[in-house]
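Student: Curious how this folds, go ahead:
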Amino acid sequence: MNRGLFLFASVSGFFAVALGAFGAHGLKNLVSAEMVAVFNLAVEYQFYHTFAIIAVAFAWHFIKSRLLGWAAGFFIAGMALFSGSLYALVLTGSKWWGPVTPLGGTCFLVGWLLLGTAVWRNRVIDGE
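Tutor: So this is what the prediction gives:
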C-alpha cells in the first residue's frame, strides 16, 4: 500500500464531506439552485476520485508500475482543476474559472487510462 496516497485520500475524503455539508446546508442561502448543483457536482467528482486514489494506493502492493504514480498524479490534478474550478466558480462568481474545468476532466480521463494500462500490463494479478 502507498501510505502517502492513502493519507491524501483520507484528507480529500474529509474535505469532500465537509464541502458537501456546506453545499447542502450553508450554500443554498448564498447562491442560486443552479450554482448549488454545480457545487454538488464538484463534491461528487472529488469523492469519485478520492476512491480512485484509495484504489491506486492499494494497487501499489500488487502492481509494480510507475504508471500508478502517474495515474494518482492525474487524479489529484483533476480534483484540483475540475472540482477546484467549480468550487471557485460558485464561491467567487468569476466566470473565468469555467475554461479550467475541462482541463480537470481531461486529467481524470488520463488518470483512468493510466490506471487501466498499469493493470493491463501487469501479469501478477492474473497469476501469470
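Student: only C-alpha atoms for contact and neighbour calcs from this point on.
Tutor: Fine.
Student: Could you pick out the longest helix of the protein?
Tutor: helix 33-59 (DSSP state H).
Student: Skip ahead from that helix and say which helix or strand is next.
Tutor: helix 66-78 (DSSP states H and E).
Student: buried sites along the next helix or strand after that next one?
Tutor: Heading C-terminal from helix 66-78, the first helix or strand you meet, by DSSP H and E, is helix 84-92. Buried residues in helix 84-92, counted by 16 or more other CA atoms under 10 Å: 84, 85, 86, 87, 88, 89, 90.
Student: Pretty sure the first one sits against residue 42.
Tutor: Yes: with contact defined as CA atoms under 8 Å, residue 84 and residue 42 form a contacting pair (7.4 Å).
Student: who's in contact with the spatially most central residue of the chain?
Tutor: Centroid-nearest residue in the chain, with CA atoms, centre = their mean: residue 49, separated by 3.3 Å. With contact taken as CA atoms under 8 Å, 6 or more residues apart in numbering, residue 49 is in contact with 75, 76, 79.
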